[in-house]
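**Q** return a 3D structure for these sequence lines:
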Amino acid sequence: MAVGVVTGLIIKDGKMLMCQRTVGKMYPFHWEFPGGKIEENETLFHALQRELHEELEISITEAEEWFEDTMSYSNGMTYHVTFFLVRNFLGDPINTEFEQIGWFSLEELDTLQHLSGNANVLRKITEEGFPK
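**A** Below you'll find the model as predicted:
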């Protein structure tokens, strides 16, 4: 059974926010979209709000589901991920748990070491450009 996860695609001034996993986590130093697991009795949107507030101290005010994918990793885990396009948020992202966070252009995304499970969404972003 797949674990439910939500992530936020946050774009500002033509750049996308990415987060680098810390040395203590599985797949250290890989880049990922901010987000996390959906808790019991939580809506997708509420999970996104909670996760992005915990990780980046921002408050999501508007987001829409943009892409869904199911991915399996070498550790045997399978995740069903709903990618949200974050339309509006309050606050400036503050790194509370990552090695580092950064804003990257479409071209710069290709230079990062990403989690393998994000291959399909990254291909979609590369082919279509940043979502509008």
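**Q** measure Glu107 to Gly129 for me?
**A** 11 Å (C-beta to C-beta, to the nearest Å). Every C-beta, even on glycine, is put in place using the N, C-alpha and C of the backbone.
**Q** equivalent analysis for Leu17, please.
**A** 16 Å.
**Q** again, but for Ile38
**A** Ile38 is 28 Å from Gly129, by C-beta to C-beta.
**Q** looking at the two, which is more packed in?
**A** Ile38 (20 against 9; other C-beta atoms under 10 Å).
**Q** for the longest helix along the chain, give me every contacting residue.
**A** The helix that spans the most residues within the chain, counting by DSSP state H, is helix 44-56. The contact list for helix 44-56, computed with C-beta atoms under 8 Å, 6 or more residues apart in numbering, reads 4, 6-8, 10, 17, 19, 34-39, 42, 58-60, 63, 65, 82, 84, 86, 89, 91, 93-98, 101.
**Q** stretch 72-79 spans what distance, first to last residue?
**A** Counting by C-alpha to C-alpha, to the nearest Å, you get 6 Å between the two ends of stretch 72-79.
**Q** and it, what's buried?
**A** Tyr79 (16 or more other C-beta atoms under 10 Å).
**Q** stretch 125-132 too?
**A** Ile125.
**Q** CA-only coordinates of it in CSV, if you can.
**A** Only the C-alpha atoms of stretch 125-132 are listed here, as CSV (Å, rounded to 0.1, in the frame of the first residue of the first chain):
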residue,chain,number,x,y,z
ILE,A,125,8.2,20.6,-15.8
THR,A,126,11.1,20.4,-18.3
GLU,A,127,8.7,19.7,-21.2
GLU,A,128,6.0,22.2,-20.3
GLY,A,129,8.0,24.8,-18.4
PHE,A,130,7.0,26.0,-14.9
PRO,A,131,3.3,25.7,-14.4
LYS,A,132,1.3,29.0,-14.7
